[in-house]
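Engineer: Have a look; sequence and predicted model below, questions after that.
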Amino acid sequence: MMQQPLLISSLLQHGERHHGRQEVVSRRVEGDIHRYTFTDMAARCRRLAKAIASLDVNFGERVATLAWNGYRHMELYYAASGTGAVLHTLNPRLHPDQLAWIAQDADDKVLFFDLSFLPQIEALANRLGSVRHLVVMTDRARMPVSSLKLLCYEDLIEAHNDTYDWPAFDEASASSLCYTSGTTGNPKGVLYSHRSTVLHAYAVALPDSLSLSARDTVLPVVPMFHVNAWGLPYSACMVGAKIVFPGPSLDGKSLFDLFESEQVTLSSGVPTVWQGLLDHVENNGLRFSAMKRTVIGGAACPMAMLRSFEEAYGVHVVHGWGMTETSPFGTASVLKGSQLSLPAGQRYAIQSKQGRCVFGMDIKIIDDEGGELPWDGRSAGHLMARGPWVLAQYFRQDDTSPLVDGWFPTGDIATIDGDGFMQITDRTKDVIKSGGEWISSIDLENVAMGHPGVAMAACIGVAHAKWDERPLMLVVRKPGASVNREELFDFFAGKIAKWWTPDDIVFVTEIPLGATGKMLKTRLREQYHAYLIDGGRNGNH
Ligand code: AMP
């Protein structure tokens, strides 16, 4: 058989050759709608590839982006990786200190950003380490006035013609880099390869995953700075699906209008986004005219949401689980033939699970001693994953392997039933996921501990109606100290991103400790689980 490396550029070439007339539609940060075809996109990617090379980016060097979902971002996905550089998507929701740290750790050489992020870039500019060029993803007419030396994206494209042969190289070469908020310490980089990305794109498109095809119009709500928008920009070219990008407006009305005007059949995002959409649709008595399926993941999809989509709107929900370290697609809750005729309640119960594996991904659950637990739907253990698109080692951490006997410990606690459906029951990693974005409980505890009146601080994620989880801070005062809630809230101001501020601070006389002296957060989570739902304050997200 022929030896052909699995390269990201080959996805683009396939899209152009076999689906050249397919469309890419974007709502731009500039406010208007942009529309072109795969053929147009591929030609611009070739010009952009030459432009990137002209900026002295060498093979394997990082090209960073700070951008919403849009066609220029998609062009960078293909052009940067296609030339052999590594696309590094920065998350604009991070605190500037974290962004600066990440850009330096990644050793980014060029940074492309959306016009709307200019203020952040101006504030960060002298802390971006090795970044040599800043490129604004806009045209000449919209170039902003700034004290920084800025390049114009469209000028770069204009400066080159579209004759370019995508280079062939080893499929194991790095293609993109995404940082995940680490359980402890600084964020960690997950470096994907061309091979892992292409295999992952196949997995995402399979019928028992998202079932993506040339008959679909897919709108990734999940940001392109979150694990490559769950691989959809790659899978869309692979299968020839029309792709629609929402830009920065992710409120219910903006999304619904775009779903309707572009006749979107499939979308993907975190539960928070879908709640906003459902509220809008419900409050205005609307119906979806084309939407058939939606993928909900990143956080647990509540059964009520699943039921609303299915029963009230005829939209089939695919509940999925994954993580940055698994590219991210891990499991999807798609029913098997034998389950289709079950009563609705039982079907929803299965669909509410995080789902089962397609070929390539494998999971198991183990107890504290490493023994494998049975797939009985009851025994809960540490969820382990492995596969060709699962991380083997974090970026720049060559000396330490996170793997245990060849499996990646996910930090999630789960059960697996006899049909292979996995269900997350808890999380051991010390992070809080609010509206799909991580908040480090350790960082928050460190800030609180910096206050002279605080003896001990435990931060836990508790259930929240809108954001899924929000941070709650439990504090033990030092003897004789009188620090109060308002004082501590003031103390947090400016030290963390505003949306990280705990929803409440509760003073307690003690925090339970385990045998090894660690705070027993599992117990705290049980005790305070419903604290915010039972009349706490609204989210600070
Ligand atoms: P990230 O690396 O940001 O993609 O986050 C991955 C983590 O999000 C997982 O390890 C889980 O803790 C959580 N997660 C992702 N999808 C789900 C889901 N469907 N249900 C519950 N938790 C989820």
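Structural biologist: Structure's in. What do you need? Residues are numbered from 1 along each chain as shown.
Engineer: quick one: contacts for Gln351?
Structural biologist: Leu306, Val317, His319, Ser333, Leu335 (C-beta atoms under 8 Å, 6 or more residues apart in numbering). Yep, even glycine has a C-beta here, placed from its N, CA and C like the rest.
Engineer: That should have said Tyr77, apologies.
Structural biologist: Here Tyr77 is in contact with Ile8, Leu87, Ser176, Met224, Asn228, Pro233, Tyr234 (criterion: C-beta under 8 Å, 6+ apart).
Engineer: Leu87 now?
Structural biologist: By C-beta under 8 Å, 6+ apart, the neighbours of Leu87 are Arg62, Val63, Thr65, Leu76, Tyr77, Ala80, Ser81, Ser175, Ser176, Leu177.
Engineer: Just the ones in helices from the residues you listed, please.
Structural biologist: Leu76, Tyr77, Ala80, Ser81 (DSSP state H).
Engineer: Show me which residues of the stretch 151-300 of the chain are close to the ligand?
Structural biologist: Within the stretch 151-300 of the chain, the residues that sit near the ligand (C-beta under 6 Å from any ligand atom) are Thr180, Val227, Gly297, Gly298, Ala299, Ala300.
Engineer: Let's have those in CSV, adding distance to Phe507, secondary structure and neighbour count.
Structural biologist: Shown next, in CSV, are those (distance: C-beta to C-beta, whole Å; DSSP: H, G, I helix; E, B strand; the rest coil; neighbours: other C-beta atoms under 10 Å):
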residue, distance to Phe507, secondary structure, neighbour count
Thr180, 32, strand, 20
Val227, 38, helix, 25
Gly297, 36, strand, 27
Gly298, 33, coil, 26
Ala299, 29, coil, 19
Ala300, 30, coil, 20
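Engineer: Make CSV from these and add pLDDT to it.
Structural biologist: Listed next are those as CSV, based on pLDDT from 0 to 100:
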residue, pLDDT
Thr180, 90
Val227, 95
Gly297, 95
Gly298, 92
Ala299, 90
Ala300, 90
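Engineer: Looking at the residues you listed, spot the one nearest Arg215.
Structural biologist: Nearest to Arg215 out of these is Gly297 (C-beta to C-beta; 22.5 Å).
Engineer: how far away is that closest one from Ala530?
Structural biologist: Gly297 sits 24 Å away from Ala530, going by C-beta to C-beta, to the nearest Å.
Engineer: do the same with Leu373
Structural biologist: In terms of C-beta to C-beta, Leu373 sits 28 Å off from Ala530.
Engineer: quick revisit: among the ones in helices among the contacts of Leu87, which two are most distant?
Structural biologist: Largest pairwise distance in these, by C-beta to C-beta, is 8.8 Å, between Leu76 and Ser81.
Engineer: elements contacting the helix or strand of the chain at the bottom of the mean pLDDT ranking?
Structural biologist: The least trusted helix or strand in the chain, going by mean pLDDT, DSSP states H and E, turns out to be strand 437-440, with a mean of 87. Using 3 or more C-beta pairs under 8 Å, 6 or more residues apart in numbering; DSSP states H and E, the elements in contact with strand 437-440 are strand 431-434.
Engineer: picking that back up, among the contacts of Gln351, which one lies nearest to Asp419?
Structural biologist: Nearest member of the contacts of Gln351 to Asp419, counting by C-beta to C-beta, is Leu335, at 9.4 Å.
Engineer: and the closest one, how many neighbours does it have?
Structural biologist: Per other C-beta atoms under 10 Å, the neighbour tally for Leu335 reads 18.
Engineer: List the contacts of it.
Structural biologist: Counting by C-beta under 8 Å, 6+ apart, Leu335 makes contact with Arg347, Ile350, Gln351.
Engineer: is it fair to say it lies in a helix?
Structural biologist: No: counting by DSSP: H, G, I helix; E, B strand; the rest coil, Leu335 is located in no helix; its state is coil.
Engineer: mind listing which of the contacts of Tyr77 are in helices?
Structural biologist: Cross-referencing the contacts of Tyr77 against helices under DSSP H gives Ile8, Asn228, Pro233, Tyr234.
Engineer: ok, back up a step: the least confident helix or strand of the chain pairs with which strands, parallel or anti?
Structural biologist: strand 431-434 (antiparallel) (DSSP bridges).
Engineer: Other residues contacting the strand it pairs with?
Structural biologist: In contact with strand 431-434 (C-beta under 8 Å, 6+ apart) are residues 181, 183, 298-299, 438-441, 459-461, 464, 467-471, 499, 539, 541.
Engineer: Is His200 located within a helix, as I assumed?
Structural biologist: Yes: the assignment for His200 (three-state DSSP) places it in a helix.
Engineer: Is it in contact with Leu232, as I believe?
Structural biologist: No: in this structure His200 lies outside contact range of Leu232 using C-beta atoms under 8 Å: 10.8 Å.
Engineer: Contact partners for whatever residue of the stretch 151-300 of the chain ends up closest to the ligand?
Structural biologist: Residue nearest to the ligand within the stretch 151-300 of the chain: Ala300 (3.8 Å; C-beta to the nearest ligand atom). Shown in contact with Ala300 (C-beta under 8 Å, 6+ apart): Pro271, Ser352, Gln354, Ile424, Asp468.
Engineer: What's the separation between the residue lying closest to the last one once chain neighbours are set aside and Ala344?
Structural biologist: Spelled out, that is Asp468. The shortest distance from Asp468 to any non-neighbouring residue, by C-beta to C-beta, 6 or more residues apart in numbering, is to Ala299 (4.5 Å). Distance of Ala299 to Ala344, computed by C-beta to C-beta: 24 Å.
Engineer: related to what we said a few turns ago, what is the nearest of the ones in helices among the contacts of Tyr77 to Val454?
Structural biologist: Distances from Val454 to those, taken by C-beta to C-beta, are shortest for Asn228, at 39.7 Å.
Engineer: Just give the number of residues close to the residue lying closest to the closest one once chain neighbours are set aside.
Structural biologist: If the residues on either side of it in the chain are set aside, Asn228 comes closest to Ser176, at 6.1 Å by C-beta to C-beta, 6+ apart. Neighbour count for Ser176, taken as other C-beta under 10 Å: 27.
Engineer: cool, and Ala349?
Structural biologist: Burial measure for Ala349: 15 neighbouring residues, criterion other C-beta under 10 Å.
Engineer: Name the helix or strand for it, please.
Structural biologist: Here Ala349 is covered by helix 344-351, with elements defined by DSSP states H and E.
Engineer: same thing with Ala458?
Structural biologist: strand 454-464.
Engineer: Paired strands for the helix or strand following that strand, with orientation please.
Structural biologist: As assigned by DSSP H and E, the chain's next helix or strand after strand 454-464 is strand 468-477. Strand 468-477 sits in its sheet next to strand 454-464 (antiparallel), strand 504-507 (parallel), going by DSSP bridges.
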